[in-house]
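>>> please work out how this folds:
(chains A, B, C and D)
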4 protein chains.
Amino acid sequence: MNIDVHGQNRRRPTIESVPRDGNQPRHALPEPLHPPEAERRLRRQRLACAFRLFGRYGYEVGLAGHFTARDPILTDHFWVNPLGMAYGTIRASDLLLVNPAGDVVQGEGMVNLSGVPYHDAIQQARPEAVGIAHAHSFHAKVWSSLARVLDPITADAAFFHDDQVVFNPRRAAGKTYEQDRASVVAQAVAALGKRFIMFENAAAGQLMAEAVGGVVVPPTPGKTADARAKAEIGAWLSFLPLWDKMVREEPDLLD
Amino acid sequence: MNIDVHGQNRRRPTIESVPRDGNQPRHALPEPLHPPEAERRLRRQRLACAFRLFGRYGYEVGLAGHFTARDPILTDHFWVNPLGMAYGTIRASDLLLVNPAGDVVQGEGMVNLSGVPYHDAIQQARPEAVGIAHAHSFHAKVWSSLARVLDPITADAAFFHDDQVVFNPRRAAGKTYEQDRASVVAQAVAALGKRFIMFENAAAGQLMAEAVGGVVVPPTPGKTADARAKAEIGAWLSFLPLWDKMVREEPDLLD
Amino acid sequence: MNIDVHGQNRRRPTIESVPRDGNQPRHALPEPLHPPEAERRLRRQRLACAFRLFGRYGYEVGLAGHFTARDPILTDHFWVNPLGMAYGTIRASDLLLVNPAGDVVQGEGMVNLSGVPYHDAIQQARPEAVGIAHAHSFHAKVWSSLARVLDPITADAAFFHDDQVVFNPRRAAGKTYEQDRASVVAQAVAALGKRFIMFENAAAGQLMAEAVGGVVVPPTPGKTADARAKAEIGAWLSFLPLWDKMVREEPDLLD
Amino acid sequence: MNIDVHGQNRRRPTIESVPRDGNQPRHALPEPLHPPEAERRLRRQRLACAFRLFGRYGYEVGLAGHFTARDPILTDHFWVNPLGMAYGTIRASDLLLVNPAGDVVQGEGMVNLSGVPYHDAIQQARPEAVGIAHAHSFHAKVWSSLARVLDPITADAAFFHDDQVVFNPRRAAGKTYEQDRASVVAQAVAALGKRFIMFENAAAGQLMAEAVGGVVVPPTPGKTADARAKAEIGAWLSFLPLWDKMVREEPDLLD
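Take a look at the predicted model:
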């Protein structure tokens, strides 16, 4: 596999960069594609781009929401958004590097400490995970109030088929208000950005379809490892037109 | 507690400004944080900012809607929008200072007199209240047609749990059309702006979820005084990224 | 009554211009408020402004939709949009003056002839009517598929209480597709613009509320002549902030 | 019939260009209206314009979606969008000319090969078809999850009455996820663009109406050949204001 994308100068992926058969092993994507410093820079830029997109799409709710990218050098550290900065203004250089204890070791600002344990636990449990997004976007939180996983009724939803859980740690402990969010995990920051958007759209679609009734859920087998890898790569590729658009329209996100 | 925010020059709250334990007494926030003249100026600017946001979000319906800020010097007076001026064009200097009788004592323009008694009554009954918003935003008015309070099915809605009433004074008097609005009260203009947005979003969420059916309402205890104070502070903090964004994009609101 | 509004130079209505008791006779508004040539110019500008607004709000569907303003000099003629010109680009000087037979007697362009008989019939049957809007805006047409009048569940909808009919002339003749539109009539072009927006919003509100169920329809008496006049004036006044906004942002509409 | 439209210089269609009786034979539109090279250029520009519109309307979902225009010179070839280029940035010169085997014979970039057989099959089966659109726009895909054709409850939906099939080739073969898209065919690229928008809007309308219930489906006879031709011409004409708007706002699409 030869995946190489040169960000802001690229007009479209070259033919070589497209996996034609989809049988990439699952651990392929997170292998650093660039020298460590360049990979770090790209991950921060991709994360800043995801924030800008999420801001445009209205996924920002007050101070809530944190998206992280695993650092490629200090691999138990992650980059995260500073609390209180509007998504639509975040530049790569505004992101904070945080250690597993939640301390900011690079950058200036506060971190939403409530999010650190979740991110840290997922980063440790899934070493292939590079990006984690956790937010209160509208349709995802409305869907969450039904406490169900999405059915594979659209291509967006099928993407998450056999790959979702209803997660509610605090409710088990007698606390409340915890079911209204989506957390999405991916093996690349670009894939993460797209997966989050797909989840939000899939939730919107199923909510609308079920308000009518009569939804046909096609019988759908579980996902093979190949299908999972293909979905991951598809998300990664699908992020690229959004990246191009944002870098063109808001180049300061790269700073 | 040391909350100090310097408006337009701030890029993000400093670490010191964040209450970490949430156990602030309820009367803490409205204590003037600045010298009276500076506090007055800030309240007017915050109110102008809220109007700009509400205009962007489509909460303006013709001439309807009035949001007020208690004056920190003449504490039974309040600042309000002039009738007939589009929300999106309001600057701090366009706001009118109104006495309890509804007379304009500073500024030039008309006041929607129908709103004065409500604001005055709330300002008197709740001396800690600084901001009051009353509007006909879309989802809040649609929700109001069901004559129910919101259930705590999302974090937005949980914010209002144990803190809502269905208010319909004129219907009791045999008049009509009075249930279709939301009134929101807060201890700071910034908190007010955010609370109103949260109410609108929470109403939208519950409408969408209930159109599907099967909503899980988590068992939720009443709010303690601490929880109320924490919610107030959370709303106040959550307004700040919106303030930053608006001041950057439309600095004339501060004039 | 002394209603005088000077369009583009006005920042807000003066206090004198607000009717405080609402007991204006029904025929008051359409009396020309200006010398005939000035009134003609204002009506064309108001109509152009309404088109710009409707374009922004997405009420334009292909070539469909025509809004007319009765001419104050040739009172059986009306001004209408040229077929095929995008709403968002219409200037006052693009409008066409049409006689009762549908001939264009001033201006250059085509008229959607299918609309002429409806407008002409309404203009003749209701001599006080100045503006008529007929369009396929989204929520109005979806609502129309239910073949019901709106219930007074919000202030927007209450505005149309006791003042609506389900109109379907062609279906009676065995034709189809005719129920999916809204026609709105008003005594001033400004009032027309606002009434159309209110109808669209009211339809959106009732559709959303009824998808949930449990809507409370307040018992509502029929409208008195005073209430009708007050509603008309309210619509007219409520249009003014929109006019101000559009004239400021797109001054070429006045040309 | 004398249909001649001069693209970017036109302010509105001339009176001569409007078919008044609608009884154009079905094969009329795709006859080249211009010399072959000019027709080729116009089709590419129209296709680029459709992509820009679809991008604005949010019909772009990752890398999915391909719209094609039959080439007027090599009539078994078609023009298509390059994979991975955001719709909103496509210029006429970015489109790729593809032969029936899926090879790019003019232009530089990748083609979504999964789409080629569908387009090729339709282009061969319907020699009068010039434009084919296939996308995952939101309301069309949500509607598709119900596996039904649209009912003629609005003018948009009536447009497709007696002219739709539920298409699901892969599900028959035991595969899944294939019902969530709309494919639309038309005899001109302009008509295609408008038909796709109408389908999306009609799906949105029926979803909303059925969530309420009580929809009145008017008894509607099948379409005559005349009615089909009239609908095609109507779609073509209705695209023109959108074309004008886009060419004015984003003239680089013509390059």
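>>> chain A against chain B: which residues are in contact?
Applying C-beta under 8 Å from any C-beta of the partner chain, we find that chain A lies next to chain B at A:60-64, A:82-86, A:88-89, A:109-110, A:136, A:138-139, A:141-142, A:144-148, A:171, A:176-177, A:179-181, A:207, A:210-211. C-beta coordinates here come from the backbone N, C-alpha and C atoms, glycine included.
>>> can you say which of those are buried?
The neighbour-count test (16 or more other C-beta atoms under 10 Å in any protein chain shown) marks A:60-64, A:82-86, A:88-89, A:109-110, A:136, A:138-139, A:141-142, A:144-146, A:171, A:176-177, A:179-181, A:207, A:210-211 as buried among the residues of chain A next to chain B.
>>> mind checking which of those residues are in strands?
Among those, no member falls in strands (criterion: DSSP state E).
>>> circling back to that earlier point, tell me which of the residues of chain A next to chain B fall in helices.
The helices, defined by DSSP state H, take in A:Phe138, A:His139, A:Lys141, A:Val142, A:Ser144, A:Arg171, A:Leu207, A:Glu210, A:Ala211 from those.
>>> report the two of these separated the most.
Farthest pair in those (C-beta to C-beta) is A:Arg171 and A:Ala211. Separation: 25.4 Å.
>>> would you map the strands across the stretch 101-250 of chain A?
With DSSP state E, counting those that start in this stretch as the criterion, the stretch 101-250 of chain A has strands at A:104-106, A:131-135, A:182-186.
>>> out of the ones you listed, nearest to chain C?
Taking C-beta to the nearest C-beta, strand A:182-186 is the member of the strands of the stretch 101-250 of chain A nearest to chain C, at 23.2 Å.
>>> check the gap between whichever residue of chain A sits closest to chain C and D:Ala229 for me.
Residue nearest to chain C within chain A (C-beta to the nearest C-beta): A:Ala211, separated by 5.8 Å. Distance from A:Ala211 to D:Ala229, counting by C-beta to C-beta, to the nearest Å: 37 Å.
>>> contacting residues for the spatially most central residue of chain A?
Central residue of chain A (C-alpha atoms, centre = their mean): A:Leu192, 2.5 Å from the mean position. Going by C-beta atoms under 8 Å, 6 or more residues apart in numbering or on different chains, A:Leu192 touches A:Ala50, A:Phe67, A:Ala69, A:Val130, A:Gly131, A:Ile132, A:Ala133, A:Val184, A:Val185, A:Ala186, A:Ala235.
>>> relative to B:Val130, how far out is the residue in the stretch 51-200 of chain A that chain B sits nearest to?
When scored by C-beta to the nearest C-beta, the stretch 51-200 of chain A has A:Gly62 as its residue closest to chain B, at 2.8 Å. Applying C-beta to C-beta, the value for A:Gly62 to B:Val130 is 19 Å.
>>> could I get the contacting residues of the residue sitting furthest away from the middle of chain A?
Within chain A, the residue lying farthest from the chain centre (C-alpha atoms, centre = their mean) is A:Gly214, at 31.3 Å. Counting by C-beta under 8 Å, 6+ apart, A:Gly214 touches D:Leu146, D:Arg148.
>>> next up, phi/psi of it, please.
Here is the backbone geometry of A:Gly214 (degrees, to the nearest 10): phi 80, psi 20.
>>> need the pLDDT of A:Lys175.
Looking at A:Lys175, its pLDDT stands at 44.
>>> again, but for the one 4 residues further on
At A:Gln179, the pLDDT value in this model is 47.
>>> repeat for A:Arg11
33.
>>> what ranges of chain A fall below the confidence cut-off?
A:1-33, A:168-182 (pLDDT under 70).
>>> which residues of it lie near chain C?
Contacts of chain A with chain C, taken as C-beta under 8 Å from any C-beta, map to A:Ala211.
>>> and the helices in chain A?
All helices of chain A, identified by DSSP H, fall at A:36-56, A:116-125, A:138-144, A:155-158, A:169-172, A:189-212, A:225-249.
>>> redo the ones you listed as JSON lines? Include distance to B:Asp252.
Shown next, in JSON lines, are those (distance: least, C-beta to C-beta, whole Å):
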{"stretch": "helix A:36-56", "distance to B:Asp252": "23"}
{"stretch": "helix A:116-125", "distance to B:Asp252": "39"}
{"stretch": "helix A:138-144", "distance to B:Asp252": "30"}
{"stretch": "helix A:155-158", "distance to B:Asp252": "41"}
{"stretch": "helix A:169-172", "distance to B:Asp252": "44"}
{"stretch": "helix A:189-212", "distance to B:Asp252": "34"}
{"stretch": "helix A:225-249", "distance to B:Asp252": "24"}
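>>> tell me which of those sits nearest to C:Ala101.
Nearest of these (C-beta to C-beta): helix A:189-212, 46.0 Å.
>>> tell me the angle that closest one makes with helix D:189-212.
Using axes from the mean of the first three to the mean of the last three C-alpha atoms, to 10 degrees, the direction of helix A:189-212 lies 60 degrees away from that of helix D:189-212.
>>> can you give me the angle helix A:189-212 makes with strand A:182-186?
140 degrees.
>>> how far off centre is helix A:189-212?
In terms of C-alpha atoms, centre = their mean, to the nearest Å, the centre of helix A:189-212 is set 12 Å apart from its chain centre.
>>> that helix to strand A:131-135, inter-axis angle?
Counting by the same axes, to 10 degrees, helix A:189-212 lies at 40 degrees to strand A:131-135.
>>> got the CA positions of helix A:189-212 in CSV?
C-alpha atoms of helix A:189-212 as CSV (Å, rounded to 0.1, in the frame of the first residue of the first chain):
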residue,chain,number,x,y,z
VAL,A,189,-7.6,11.6,12.4
ALA,A,190,-9.0,12.0,8.9
ALA,A,191,-11.0,8.8,9.2
LEU,A,192,-12.2,10.0,12.6
GLY,A,193,-13.5,13.3,11.2
LYS,A,194,-15.5,11.6,8.6
ARG,A,195,-16.8,8.8,10.8
PHE,A,196,-18.2,11.3,13.2
ILE,A,197,-20.0,13.1,10.4
MET,A,198,-21.3,9.8,9.2
PHE,A,199,-22.6,8.9,12.6
GLU,A,200,-24.4,12.1,13.0
ASN,A,201,-26.0,11.8,9.5
ALA,A,202,-26.9,8.2,10.1
ALA,A,203,-28.6,9.1,13.3
ALA,A,204,-30.5,11.9,11.6
GLY,A,205,-31.6,9.5,8.9
GLN,A,206,-32.9,6.8,11.2
LEU,A,207,-34.7,9.3,13.3
MET,A,208,-36.5,10.7,10.3
ALA,A,209,-37.3,7.3,8.8
GLU,A,210,-38.7,5.9,12.0
ALA,A,211,-40.9,8.9,12.6
VAL,A,212,-42.7,7.7,9.4
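>>> any idea how far chain D is from A:Leu97?
The spacing between A:Leu97 and chain D, counted by C-beta to the nearest C-beta, to the nearest Å, is 30 Å.
>>> what sits against that residue?
By C-beta under 8 Å, 6+ apart, the contact list for A:Leu97 reads A:Asp71, A:Leu74, A:His77, A:Phe78, A:Trp79, A:Val104, A:Val105, A:Gln106, A:Gly107.
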